[in-house]
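Undergrad: Quick one, what's the 3D model for this:
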Amino acid sequence: MRKIAVLLALLAVIVSCTTIDCPLNNSVYARYRLAGDVTTLGDTLTISTTRTAGSDTVLLNKALGVDSFNLPLSYQHALDVFYIDIRPQGAARTLDTVTVSKTNEPHFESVDCASSVFHTLTGVSSTHHRIDSIAIQNPQVTYDAAKAHLLIYFKARRD
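TA: Alright, predicted model coming up:
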């Protein structure tokens, strides 16, 4: 009788195990890569956004020598707005606004894994003070932050 109980307990443990491996990093970020004439930004770069409650939050603070960066996307909004603040040494700062249009798709792998939201980029626009243009390279934003989702072209600075 005891052997049967041990066998049933062992069988229950084996059956209850899942074969789905949860991702170690389930953060979803859009990756921006500098392209064109300016592939590394020599000026100080700060990026912020406005939260739903109305307060500002800094996402990237005073970065130097940037050739790419990752920004989070909201889970519920169809549009995300980012403020790109560039401060050259000895020159006036410039502020550009980037608006990203997207769809939000809930992503579920298993009850054992945390849920997340994937996105499909549908459009992007910006002001053109220091930004020349932005193009969508890979519209599917998932766990893979190694791929560039957006290519950002900065104007060459003229001193």
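
Undergrad: Give the residue spans of this protein that score low on pLDDT.
TA: 1-3, 5-20, 23-26, 158-159 (pLDDT under 70).

Undergrad: could you pull out the helices for it?
TA: 2-16 (DSSP state H).

Undergrad: I'd guessed Arg157 sits against Asp43; true?
TA: Yes: Arg157 lies in contact with Asp43 (CB atoms under 8 Å); the separation is 7.4 Å. The C-beta positions use only the backbone N, C-alpha and C, and glycine is treated the same way.

Undergrad: anything in contact with each of these two?
TA: The contact sets of Arg157 and Asp43 overlap at Pro88 (CB atoms under 8 Å, 6 or more residues apart in numbering).

Undergrad: Counting neighbours, go ahead and name the busier of the two.
TA: Asp43 (20 against 14; other CB atoms under 10 Å).

Undergrad: The nearest residue to Lys147 once chain neighbours are set aside and Ser55: what is the separation?
TA: With CB to CB, 6 or more residues apart in numbering as the criterion, Lys147 has its nearest non-adjacent residue at 5.0 Å, and that residue is Asn138. Asn138 sits at a distance of 31 Å from Ser55 (criterion: CB to CB, to the nearest Å).

Undergrad: who's more crowded, the two?
TA: It is Asn138, of Asn138 and Ser55, that has more neighbours when counted by other CB under 10 Å, with 15 against 7.

Undergrad: Can you name the residues that contact the more buried one?
TA: 147-149 are the contacts of Asn138 under CB under 8 Å, 6+ apart.

Undergrad: repeat for Ser125
TA: 98-99, 134.
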